[in-house]
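Colleague: coords please:
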Amino acid sequence: MGALSWKQYFIYQSDYQHWANEVLFECLDRLDPKALSEPQGLFFSTIHQTVDHLLVVAELWRLRLQGESPIVDFKRLHHPDWRELKNALRQEMRDLQHWLETRPDAFFESEIAYRSSEGKERRNWVRDVLTHMMGHMVHHRGQVSAAATRLGAPAPEMDYIYYKRAVDAALAQKR
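Modeller: The predicted structure follows:
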């Protein structure tokens, strides 16, 4: 197999983010539900608020990639119901993946212009925005994972290599 295009790379990355979120949710589902809303020393205080932030930022950047510049209040909880939040994050990652699949290869080599949360005009390469999105999700999932583990949940194996092994095993089983 040859080198991946930027398009294929980010489609895989979106699938990985969905997979890793599922692994994290399995871990979090073992905690007392009250623990999700209690301060854990995270940047966004609680596990629930941090996962809400993941969704809000994923939506924000997807909309920016689509040519919109929404203004987002990062200080408020956007999705107060935990189950609805998990399902919305699942759907957002699948929507991003499917939308990326419809983009031409040239899109991934282009720049986007948008208004930042502070109202400043910005320009970034699409591949840099997508790299930021994926890294941002890994960063905050790691924080949530550490808090969950401290609360007694099993440490989730969310590394990309575990995703690749799961994909390879599923493909081998299909054959």
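
Colleague: quick one, phi psi at Arg150?
Modeller: Dihedral pair for Arg150: phi -60, psi -30, per degrees, to the nearest 10.

Colleague: same check, this time on the one 4 residues further on
Modeller: Its backbone dihedrals place Pro154 at phi -70, psi 150, with angles given as degrees, to the nearest 10.

Colleague: correct me if wrong: Val126 contacts Ala113.
Modeller: No. Counting by C-beta atoms under 8 Å, no contact exists between Val126 and Ala113, whose distance comes to 11.3 Å. Heads up, the C-betas are built off the backbone N, CA and C, glycines and all.

Colleague: for those two, indicate the residue with more neighbours.
Modeller: A side-by-side neighbour count of Val126 and Ala113, using other C-beta atoms under 10 Å, places Val126 first with 21 against 11.

Colleague: now do stretch 35-50: distance to the chain's middle.
Modeller: What separates the centre of stretch 35-50 from the centre of its chain is 17 Å, taken as C-alpha atoms, centre = their mean, to the nearest Å.

Colleague: stretch 135-152 too?
Modeller: Counting by C-alpha atoms, centre = their mean, stretch 135-152 comes out at 12 Å from the chain centroid.

Colleague: please renumber so the chain begins at 57
Modeller: OK, 57 is where the count begins now, so the last one is stretch 191-208.

Colleague: centre-most residue in the chain?
Modeller: With distances taken as C-alpha atoms, centre = their mean, Met193 lies nearest the centre of the chain, 4.2 Å away.

Colleague: need the residues that contact whatever helix or strand Ala222 lives in.
Modeller: Using DSSP states H and E, Ala222 sits within helix 216-230. Counting by C-beta atoms under 8 Å, 6 or more residues apart in numbering, the neighbours of helix 216-230 from elsewhere in the structure are Asp71, Tyr72, Trp75, Ala76, Val79.

Colleague: can you give me the buried ones in that helix?
Modeller: Using 16 or more other C-beta atoms under 10 Å as the test for burial, helix 216-230 gives Tyr219.

Colleague: average pLDDT across it?
Modeller: Over the span of helix 216-230, the pLDDT mean works out to 93.

Colleague: repeat for stretch 76-89
Modeller: The model assigns stretch 76-89 a mean pLDDT of 97.
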